[in-house]
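*Asks:* just need the structure, nothing else, for what follows:
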Amino acid sequence: MIADPARDQILRSIRENLTKSAPDVAHAPSDHGPPEPRVPSPEPPDLVERFTTQLEAVGAQWTLVRGEAEAARALRRILADAGARRVAGSDAALVARVLPERLMGGGLSREELFACDAGVTTAQWGIAETGTLVLESAREQHRLLSLVPPIHVALLSTRCICASLGDALARVSRDSHAITFITGPSRTSDIELTLVIGVHGPQTVHVLLLEDA
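*Replies:* Predicted structure coming up:
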């Protein structure tokens with residue numbers, strides 16, 4: 001783990017180089033004191049379209065839903081179609097509301113976690129230019145749920161889709177000691193230069209995009 005001063009310096013350097021053209025730079029957290037509360041503004045439809053196009057390009061799946069009730073129905077359908085019987089959910093309040101019957105990831109042993117068919121988390125941000133999910137440790141715990149089970153379902157508000165990496169970094173909480181970037185299912189070509197999906201992480205990544213009801 002990088003010490004706080006070094007981490008802050010690295011993030012500042014990244015932001016300085018990547019956020020010059022970001023439209024939301026004004027929301028960047030201050031270098032002094034607690035971060036200001038940020039309420040994401042609605043993103044234009046073309047940004048959502050760019051994000052979903054890139055999701056498909058990297059091999060991820062997505063479903064657009066309106067409101068939590070529709071999200072809950074879609075999530076049950078996704079898990080049923082995938083044959084996922086043992087489902088672990090994160091500690092996020094949204095996950096608890098749309099998936100009440102779940103195993104809490106924090107209470108599972110490593111062996112139990114590896115035996116799960118699916119992990120359900122939220123994502124704090126999406127990056128339209130690459131179809132990347134951004135998960136912050138300060139907003140939600142049990143990130144292993146997004147990396148260990150063969151199926152990862154992420155809940156993301158369409159209001160939290162950013163145009164670029166720099167835009168997303170400008171919104172990341174300073175309280176997050178770990179930031180996870182997920183771009184499609186896990187893949188590697190280390191084995192005889194043959195592309196293999198799901199060796200180092202989930203074979204399936206499904207994003208539930210929530211519009212305001």
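
*Asks:* spatially central residue for this protein, please.
*Replies:* Nearest to the centroid of the C-alpha atoms of the chain, with distances taken as Cα atoms, centre = their mean, sits Ala123, at 3.1 Å.

*Asks:* after the helix or strand of the chain at the bottom of the mean pLDDT ranking, next one along is what?
*Replies:* Scoring the helices and strands of the chain by mean pLDDT, DSSP states H and E places strand 196-197 at the bottom, with a mean of 44. Counting by DSSP states H and E, the next helix or strand C-terminal to strand 196-197 is strand 204-211.

*Asks:* buried ones in that following strand?
*Replies:* Neighbour-count burial for strand 204-211, with 16 or more other Cβ atoms under 10 Å as criterion, is recorded at 204-210. Yep, even glycine has a C-beta here, placed from its N, CA and C like the rest.

*Asks:* now stretch 135-149
*Replies:* So, applying 16+ other Cβ under 10 Å, buried residues of stretch 135-149: 135-137, 139-140, 142-149.

*Asks:* could you give me the average pLDDT of that stretch?
*Replies:* Taken as a whole, stretch 135-149 carries a mean pLDDT of 87.

*Asks:* what's next to that stretch, contact-wise?
*Replies:* The contact list for stretch 135-149 (Cβ atoms under 8 Å, 6 or more residues apart in numbering) reads 88-92, 104-106, 113-114, 116-124, 152, 154, 172-173, 175-182, 201-202.

*Asks:* buried only: go through these for me.
*Replies:* The neighbour-count criterion (16+ other Cβ under 10 Å) marks 88-92, 105, 113, 116, 118-124, 152, 154, 172, 176, 179-180, 182, 201-202 among the contacts of stretch 135-149 as buried.

*Asks:* which parts of the chain are strands?
*Replies:* 61-66, 87-89, 103-104, 118-122, 125-127, 132-136, 151-157, 161-162, 179-182, 187-188, 196-197, 204-211 (DSSP state E).
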